[in-house]
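Undergrad: quick one, structure for this:
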Amino acid sequence: MFRINNNDFKILQKYKIFLMNLDNSLENIPRKDMYFKDRIKNISLDVLKANIALLDFMLERLLLKKYK
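TA: From the prediction side, this is the model:
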């Protein structure tokens, strides 16, 4: 079996950077548009989670097939 760590697999770093940039961008949205701010954040998180889940599934499948 092999281990994927943060140095070998940069997706976690990119994910964190994206979330920090998104938070910084949404910080300037006025209170009157709070609905859109929440929707943008929720949709972005849903898309990322779906892609991370799909990637996790594919990597697990490769691991089970013993690809290295």
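Undergrad: how about the helix or strand hosting Arg39: buried residues?
TA: Arg39 belongs to helix 34-64 when assigned by DSSP states H and E. By 16 or more other CB atoms under 10 Å, the buried positions in helix 34-64 come out as Lys37, Lys41. C-beta coordinates here come from the backbone N, C-alpha and C atoms, glycine included.
Undergrad: pLDDT averaged over that helix - what is it?
TA: Averaging pLDDT along helix 34-64 gives 84.
Undergrad: with stretch 10-26 instead?
TA: If you average the pLDDT values across stretch 10-26, you get 81.
Undergrad: hang on, the earlier thing: which strands and helices lie in contact with the helix holding Arg39?
TA: helix 11-26 (3 or more CB pairs under 8 Å, 6 or more residues apart in numbering; DSSP states H and E).
Undergrad: for the helix it packs on, the distance to its chain's centre please.
TA: Computed by CA atoms, centre = their mean, to the nearest Å, the chain-centroid distance of helix 11-26 equals 8 Å.
Undergrad: having no further points to raise, I will conclude here.
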